[in-house]
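1. could you work out the structure for the sequence below:
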Amino acid sequence: MKQASATNVFVVVLVLLSASCIFAQQIVGTYWFPDKPFPQYMQLWQEGWSFKDEEGNKLIYAKPNMPLGGYLFVYFCNTGRKPIVVSDIVFQGIPLSIALGKSEEPRQPEDKYYSSILLSKLPKQQIEKLKVLGWPVWWKVEPASVEPGCYGKLTVRLRRVPKTDPLKLDLLFNGGRISAAVSIKRVQPRFSTIAFSTDLTTVYLYPCYAKRGVKPQRVYIDNLDVTHLASLNWDRNLDTAAVVVKLTKPLEWMSFHSYRVLYSDGAAAQYAMRTWARELVYGMWSSPGGGSDPESATKSFIEEYVRHNINCVMPYVVGVCRDFFLSDAGWDYCEKMGVGRMTHWPDGKHHAVFTFAMDEPDANDAACRQLDPRDRLGVLGQYLVNWTRVLNDADPQTPVLLNIDNTYKPENWYMYHQLADIPCIDPYYTEQQDLAARGDPYYFQFHTRPTYVQGVCTISQSSCQPKPLHVILCSTRYSNDEGYQGRFPTPEEKRMEVYYAIGSGAKGLSYWWFPKDRYCHGLDERTPEANALWKEIGLLGAEVRTAGPVITTSCPANVSIQASRFLWTRALLCGGDTLAVVVVNENVACDRLGTIVKPVEDARVTIDLPSWITPKSVFEVTCDGLSDVKWSANGRKLTLELGTTKLSRFVVITADTSLKDRLWKRYLDMFAENVKLLKSSE
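-> Alright, predicted model coming up:
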């Protein structure tokens, strides 16, 4: 009997140990990053809605010192022998599957629904508890199934800063749970940008740490120490380092990996994401509507887009061309011309540049009538978590893009940017002028230059980091049934907007939109104003796509810069040997009639160079190609003599003596002839 009992105990213990081994898992990092406020832009935010406050006035959402939220991240490794699928999160003892109540149960994956703690059936006491804990809005685990030896990431969006520290979470999965505690008060490093070379053999990591003087020491991809493959470029006077990892073999396209940079004080920057890289996407939404037959209409507009240096057709192609554009022959023709596309759903035969998850969820949030208007932002979050997963499953080879509109400013740009592969925004500057002119003219004084684009891009870069931000700029004029007629954006405004976006961290651009429409008049109106704008878009495309290999692997950084009056300047770290300087002349005024500009004469910019860059070549990129810039150095200070600066400059400072030749060849091969054709139309 004693021997039998001992045998039974041994068997039970063996089974338990075996199960533990099968489903073993390990927490490898927990992070809390609060939203960063930007009070300098507060005067820009106005709403076009009809919501009223308690006094019957238009509801004002954006207010000084308004409360914001943040993101929780938990990273874990599956050290067992079977895949794990996280099915629920227990948030301080409350399952989020119950806490985030649904407005209705969807019948199909594409059926939209709202979710919120205010729609749950929880007792009021627990709902109030969740508010104190930060008010969870949505949560997502990536990848959906974590294979043995692989890493997973939990993201939780909180509407407000928690009042409890630490926050305790349990991740429930098939066979068990994994527990984590997230500190709210601890200051931790964070990646500002993670980027890849187009052949996926080089990883660019830009960790940022508020503690100056603490040095990055080791680099990991998943559980592999790749420090011996990395160059760690660090300056004790900067909060951002540039880490470049040159791999012995390329990463797999769209593979999911965890990146980690360990600092000398034991802290680590960590993030996990899918792997992709393209040349800078420079897109146009939709198409012209005319043409005699589908094939010739498609070829005509694609050739026109190529002449204007457009390399991606964004959705809503209209008119005669639509059938051929969507056909296999249309796909083949576009690919041959070097033009990709974004689609709403994969066709099973081709891979798009992006899959479009949804347009403007923040604007759609406002339609949730079950809740007070002030509580509606984010209610489509959990639906979008599930829908983006459906899109990923349907085409694992294509990154998913989610565009955030201009509703519930500025909190909307924090709410959704960590949800999809590609965070996207549409900060239409002239639309804001129109909104003020038609609604509250008081706000027009804040829109006399395109600062709106600068502000939205800056906020979005802070909240989407380290993901690549895509920015949609306005190329239309607007009208309404009351007789209001807006104007097209001017070429000068568009140039400023492009460089505001790039200087703030954007990695891709597109324009809304091309067709003629009753209220949204696109470039196909072919008026002198529309033609001038279309030409400038083409010239700008030559510039930014020539500089694309620098821009797409860069990261905005707080490098000290002194500049002549009226010049807005930003520095972009570009790998371990290059720094780009973006310059915009702000001595500009824009009104209902157009734009006036006063150039800056004898413009001068002085940069405190990072200690790891010893300049060998300094040049600028324009629509006419590349040219050397006069410069001088005094220790680590480098001064650029820019002469007359009308609107923008993009200057590259590099230790790489071959970079200029490579970019010059790129310009001559891809863009010089297009620029010649565009300028011949003057």
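2. what count of nearby residues applies to residue 246?
-> Neighbours of residue 246 under the rule other C-beta atoms under 10 Å: 12. Where C-beta positions appear, they are placed from N, C-alpha and C, glycine not excepted.
3. what's the closest non-adjacent residue to the residue most central in space within the chain?
-> The residue lying closest to the centre of the chain (C-alpha atoms, centre = their mean) is residue 469, at 2.3 Å. With sequence-adjacent residues excluded and distances taken as C-beta to C-beta, 6 or more residues apart in numbering, residue 469 is closest to residue 506, at 5.0 Å.
4. which secondary structure elements does the helix or strand encompassing residue 178 contact?
-> Element membership for residue 178, per DSSP states H and E: strand 176-182. Secondary-structure packing of strand 176-182 (3 or more C-beta pairs under 8 Å, 6 or more residues apart in numbering; DSSP states H and E): strand 26-34, strand 70-77, strand 167-173.
5. and it with strand 70-77, angle?
-> 130 degrees (axes from the mean of the first three to the mean of the last three C-alpha atoms, to 10 degrees).
6. report the angle between the next helix-or-strand element following strand 176-182 and strand 26-34.
-> With elements assigned by DSSP H and E, the helix or strand that comes after strand 176-182 is strand 190-196. Interaxial angle, strand 190-196 versus strand 26-34 (the same axes, to 10 degrees): 110 degrees.
7. just checking: what are the partner strands of strand 190-196?
-> Looking at strand 190-196 with DSSP bridges, its partner strands are strand 202-208 (antiparallel).
8. following the strand it pairs with, which helix or strand comes up?
-> Next helix or strand after strand 202-208 toward the C-terminus (DSSP H and E): strand 216-221.
9. if you count neighbours, what's buried in that following strand?
-> Applying a neighbour-count criterion of 16 or more other C-beta atoms under 10 Å, one finds 216, 218-221 buried in strand 216-221.
10. quick one: strands adjacent to the helix or strand just after that strand?
-> Going down the chain from strand 216-221, the next helix or strand is strand 224-225, by DSSP H and E. Using DSSP bridges, the strands paired with strand 224-225 in its sheet are strand 216-221 (antiparallel).
11. can I get the partner strand in CSV? Just the C-alpha atoms.
-> Presented in CSV, the C-alpha positions along strand 216-221 are these (Å, rounded to 0.1, in the frame of the first residue of the first chain):
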residue,chain,number,x,y,z
PRO,A,216,23.1,51.4,-23.9
GLN,A,217,25.2,48.3,-23.6
ARG,A,218,23.6,45.2,-25.1
VAL,A,219,21.1,44.5,-27.9
TYR,A,220,18.7,41.6,-28.2
ILE,A,221,16.4,40.4,-30.9
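12. ok, and what's touching it?
-> 203, 205, 207, 225-227, 229-230, 232, 234, 241, 243, 245, 257-264 (C-beta atoms under 8 Å, 6 or more residues apart in numbering).
13. and for stretch 335-348?
-> 278, 281, 283, 302-303, 305-306, 310-315, 334, 352-356, 391, 394-395, 398, 401.
14. so for it, mean pLDDT?
-> Taken as a whole, stretch 335-348 carries a mean pLDDT of 97.
15. and the end-to-end length of that stretch?
-> 16 Å (C-alpha to C-alpha, to the nearest Å).
16. tell me where the model's unsure across the protein.
-> Along the chain, the model assigns pLDDT under 70 to residues 1-24, 682.
17. the same query, at a cut-off of 90, please.
-> Within the chain, the stretches with pLDDT under 90 are 1-25, 48, 174-176, 212-213, 289-292, 681-682.
18. thinking again about what came up before, and the helices and strands packed on strand 176-182, which is most packed in?
-> Highest mean neighbour count among the helices and strands packed on strand 176-182 (mean count of other C-beta atoms under 10 Å): strand 70-77, with a mean of 22.
19. starting at the chain centroid, how far to that strand?
-> Between the centre of strand 70-77 and the centre of its chain there are 19 Å (C-alpha atoms, centre = their mean, to the nearest Å).
20. beyond that strand, next helix or strand please.
-> Next along from strand 70-77, by DSSP H and E: strand 86-91.
21. helices or strands up against the following helix or strand past that following strand?
-> Note on strand 86-91: by DSSP H and E, the next helix or strand toward the C-terminus is strand 94-95. Counting contacts by 3+ C-beta pairs under 8 Å, 6+ apart, strand 94-95 is packed against helix 124-132.
22. tell me if I am right that residue 403 is in a strand.
-> Yes - residue assignment for residue 403, taken from DSSP: H, G, I helix; E, B strand; the rest coil, places it within a strand.
23. from residue 470, how far off is it?
-> 8 Å (C-beta to C-beta, to the nearest Å).
24. residue 183 now?
-> Counting by C-beta to C-beta, the gap from residue 183 to residue 470 is 32 Å.
25. the more surrounded of the two?
-> More neighbours surround residue 470 than the other of residue 183 and residue 470, with 26 against 13 (other C-beta under 10 Å).
26. dig out what the more buried one forms beta bridges with.
-> For residue 470, the beta-bridge partners under DSSP bridges are residue 424, residue 508.
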